[in-house]
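A.B. asks: my questions concern the predicted model and sequence given below.
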Amino acid sequence: MSETKIPKKKSGKGKTRFDPAVFLETTAKGRVVSAHRKGEILFSQGEDADAIFYVRKGKVKVTVISKQGKEAVVAILGADEFVGEGCLIGQPKRLATASAMTDCVTMRVDKTEIMRVLREEPEFSQMFVAHILARNARVEEDLVDQLFNSTEKRLARLLLLLANFGKEGRPEPLIAKISQETLAEMVGTTRSRVSHFMNKFRKAGFISYNGHLEVHSSLLSVVLADHPRTIDSPS
């Protein structure tokens, strides 16, 4: 079998170099680009973990179902993010379910293909490692958020993250319609509490509804007010 041709582009000295962006835009052996309708399953909890997915467009929801049948939303991912990386560290089965939260486009990259490129192409490896480190930092921040912050601050932070605050300097409208039940699952509270604070944010001008939810940068004031104490802070 022939090996996948690695996308290259010319450098300033006339040489060709690996281009991660081209790699993630080009279908080839081990790489499949697919369009998904809202609600479509990318992979399900318990299935073989044999590939990762790169989100090219739209949003993907990651959920976990307990033995008792209770579902929890653990992440909402957007464009230029990966999902399913657990297969690269030896996870034989999927630990979560990934589904399209909006109409979206993904690239499925086989485990063998992504491992080959990580091994052979430093530029892609650097980009991918940066993604993994950023995701790990996000998980740590989520844990601190759950342990030390109030429901109001957790909800404010989640809304800012969903609006991509910090990536482009200003929040953007939430295209995906995210229910208050989903927000409650991610924050770790009840729907009624989420409804209470959403109304509070709206009245304060931190969010608005114009056919879709818009999050304003002023909501950051809720997150920054009265920072949570660290473990070694004086009581």
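C.D. replies: Received the coordinates, thanks.

A.B. asks: what is the least confident helix or strand in this protein?
C.D. replies: strand 8-10 (a mean of 50; mean pLDDT, DSSP states H and E).

A.B. asks: okay, and the beta partners of the most centrally placed residue in the chain?
C.D. replies: Taking CA atoms, centre = their mean, the centroid of the chain lies closest to L77, which sits 2.4 Å from it. For L77, the beta-bridge partners are V60 (DSSP bridges).

A.B. asks: return the residues in contact with it.
C.D. replies: With contact taken as CB atoms under 8 Å, 6 or more residues apart in numbering, L77 is in contact with 55, 59-62, 83. Glycine gets a C-beta too; all of them are placed from N, C-alpha and C.

A.B. asks: how does it look with 10 Å?
C.D. replies: 53, 55, 58-62, 83, 98, 101, 104, 135 (CB atoms under 10 Å, 6 or more residues apart in numbering).

A.B. asks: H212: neighbouring residues, count only.
C.D. replies: 11 (other CB atoms under 10 Å).

A.B. asks: give me the buried positions along stretch 208-226.
C.D. replies: For stretch 208-226, the neighbour count (16 or more other CB atoms under 10 Å) marks 213, 215-216, 219-220, 222-223 as buried.

A.B. asks: among the residues you listed, which lie within helices?
C.D. replies: Within the buried residues of stretch 208-226, residues falling in helices by DSSP state H are 220, 222-223.

A.B. asks: distance to V117 added to those residues, as JSON lines?
C.D. replies: Conversion of these to JSON lines gives the following (distance: CB to CB, whole Å):
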{"residue": "L220", "distance to V117": "37"}
{"residue": "V222", "distance to V117": "42"}
{"residue": "V223", "distance to V117": "37"}
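
A.B. asks: between the residues you listed, which is closest to D110?
C.D. replies: V223 (39.6 Å; CB to CB).

A.B. asks: domains in the protein, by residue range?
C.D. replies: 11-123, 143-224 (automatic domain parsing).

A.B. asks: those: lowest mean pLDDT?
C.D. replies: Ranked by mean pLDDT, those bottom out at domain 143-224, which scores a mean of 85.

A.B. asks: chain center to it, what's the gap?
C.D. replies: 16 Å (CA atoms, centre = their mean, to the nearest Å).

A.B. asks: which parts of the lengthiest helix in the chain are buried?
C.D. replies: Longest helix of the chain, by residue count under DSSP H: helix 122-148. With burial defined by 16+ other CB under 10 Å, the residues of helix 122-148 counted as buried are 124, 128, 135, 142, 145.

A.B. asks: ok, the residue nearest to the centre of the chain to Y54 distance?
C.D. replies: 10 Å (CB to CB, to the nearest Å).

A.B. asks: quickly list what's touching both of these two.
C.D. replies: The contact lists of L77 and Y54 share V83, where a contact means CB under 10 Å, 6+ apart.
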